[in-house]
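> 3D, please:
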Amino acid sequence: MQILAEFAMKSRGRAVGAVAGFGIGGLFLPPVSIVSSALVALIGLRLGLGQALTVLALASVLLGAALWGMAPGNPGPVVLLAGAVQWLPVALLAELLRRTVSWRVTLKAGALVAGAGVVLMHALVPDAEAFWVRAGMELLQPLVEAGEEPAREELEAMLANLAPYLAGMLAGIVLLSVALAMVIGRYWQAALYNPGAFGPEFRALQLGPGVSAATAGLFLLGQLLPSPLAMELAFILGVLFFLQGIALMHALTHARGMSVFWLAGMYVLMVLALPQMFLLLATIGVIDAWLDIRRRLGGEPPES
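Sure thing, here's the model as predicted:
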């Protein structure tokens, strides 16, 4: 993958082509879109926001042209989705990380925007549950038409159960994809221009007890009231502590001189059981914010 980063950084044309190409690939295989976003992050981190926005805009034009060629019509919604939801947040957060050199500040800013979007969604859409059920049924209409009536009723019931939490779930998933793109872009930047700098920086990720308390408080509030909005916001903050949990595992493995197979096992489990691993690592991250496990076990000091 470092070869791809080197290729993209040699000229603006190559960067635009790579971003647009992986953006198109992401339409068919969504995880590929993270590579596209990581390239935007790398450009922003290395060359600044202006260059990242220029590449983003040109790549959006290429993406729109490619979509129009494959399926004549209006590619605007897909282009808007790629630019506004996928690439633009990455470019803005890359600029923030470039200026502050702080993962804590950068991730908190991303979570703040994601949370504000969820609150705004609830404020602007009076019946959010009905909106998500209707949108889900329209999106899955081909499957519904091909199935039997009981299957339609089961799908509608499932969407009704998930609808109160869907805005927060989608915002958290977008935040996670943006954060992963940022991590890959930062890794590429270090590999190309400052070898060895990424590891200590990532392993030091520490969000602090304040955010930890807010996450636990929102989760408890969501369980006791119950409050879907509180659970949605807790999930968004949980994404940050999921990343801190991963950083902590890397820090402890490095400090103890443990085999990389321990980390490989962790990532394999994430592939096989992501929801369970998300909950486990996020919980570990929340605890670490209070107990400072790195320092207690002789690891590297956390980010101040």
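
> where in the chain is pLDDT low?
69-84, 141-151, 298-302, 304 (pLDDT under 70).

> Try it again at 80.
1, 27, 64-85, 138-155, 295-304 (pLDDT under 80).

> check which helix or strand covers the residue nearest the centre of it.
With distances taken as CA atoms, centre = their mean, the chain has residue 176 as the residue nearest its mean C-alpha position (1.9 Å). According to DSSP states H and E, residue 176 maps onto helix 149-193.

> Tell me which other helices or strands that helix touches.
Counting contacts by 3 or more CB pairs under 8 Å, 6 or more residues apart in numbering; DSSP states H and E, helix 149-193 packs against helix 2-8, helix 32-47, helix 88-100, helix 103-124, helix 128-139, helix 141-146, helix 198-203, helix 228-255. The way it works is simple: take the backbone N, C-alpha and C, and place the C-beta from them, glycine included.

> Please tabulate the ones you listed in TSV and include distance to residue 155 as additional columns.
Converted to TSV, the helices and strands packed on helix 149-193 look like this (distance: least, CB to CB, whole Å):
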stretch	distance to residue 155
helix 2-8	39
helix 32-47	26
helix 88-100	31
helix 103-124	22
helix 128-139	7
helix 141-146	6
helix 198-203	40
helix 228-255	20
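
> possible to save these as a markdown table with mean neighbour count and distance to residue 162?
Output for those, formatted as a markdown table (neighbours: other CB atoms under 10 Å; distance: least, CB to CB, whole Å):
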| stretch | mean neighbour count | distance to residue 162 |
| --- | --- | --- |
| helix 2-8 | 15 | 36 |
| helix 32-47 | 25 | 23 |
| helix 88-100 | 21 | 24 |
| helix 103-124 | 18 | 15 |
| helix 128-139 | 16 | 7 |
| helix 141-146 | 11 | 16 |
| helix 198-203 | 18 | 33 |
| helix 228-255 | 23 | 10 |
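
> out of these, which comes closest to residue 303?
Among those, helix 103-124 comes nearest to residue 303, with 5.5 Å by CB to CB.

> If you count contacts, what does that closest one end up packed against?
Packed on helix 103-124, when contacts are counted by 3+ CB pairs under 8 Å, 6+ apart, are helix 88-100, helix 149-193, helix 228-255.

> just the angle between that helix and helix 128-139, please?
90 degrees (axes from the mean of the first three to the mean of the last three CA atoms, to 10 degrees).

> Redo the helices and strands packed on helix 103-124 as JSON lines? Include distance to residue 47.
Shown next, in JSON lines, are those (distance: least, CB to CB, whole Å):
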{"stretch": "helix 88-100", "distance to residue 47": "9"}
{"stretch": "helix 149-193", "distance to residue 47": "10"}
{"stretch": "helix 228-255", "distance to residue 47": "25"}
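
> quick one: which of these is nearest residue 18?
Nearest of the helices and strands packed on helix 103-124 (CB to CB): helix 149-193, 11.8 Å.

> how far is that closest one from where the chain is centred?
7 Å (CA atoms, centre = their mean, to the nearest Å).

> same thing with stretch 247-255?
21 Å.

> what do you get for stretch 108-120?
Worked out by CA atoms, centre = their mean, stretch 108-120 lies 13 Å from the chain centre.

> Identify all contacting residues around that stretch.
Outside stretch 108-120, the residues within contact range by CB atoms under 8 Å, 6 or more residues apart in numbering are 89, 93, 96, 167-168, 171-172, 174-175, 178-179, 207, 211, 229, 232-233, 236-237, 239-240.

> Just the CA atoms of that stretch, as CSV, please.
Coordinates of each C-alpha in stretch 108-120 appear next as CSV, following Å, rounded to 0.1, in the frame of the first residue of the first chain:
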residue,chain,number,x,y,z
LYS,A,108,-13.1,14.8,19.6
ALA,A,109,-13.8,17.3,16.8
GLY,A,110,-15.0,14.4,14.6
ALA,A,111,-17.2,13.0,17.3
LEU,A,112,-18.6,16.5,18.0
VAL,A,113,-19.6,17.0,14.4
ALA,A,114,-21.1,13.5,14.2
GLY,A,115,-23.1,14.0,17.4
ALA,A,116,-24.3,17.5,16.2
GLY,A,117,-25.5,15.8,13.0
VAL,A,118,-27.6,13.3,14.9
VAL,A,119,-29.1,15.9,17.2
LEU,A,120,-29.9,18.1,14.1
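
> Which residue comes closest to the residue nearest to the centre of the chain once chain neighbours are left out?
Excluding its sequence neighbours, the residue lying closest to residue 176 (CB to CB, 6 or more residues apart in numbering) is residue 239, at 4.9 Å.
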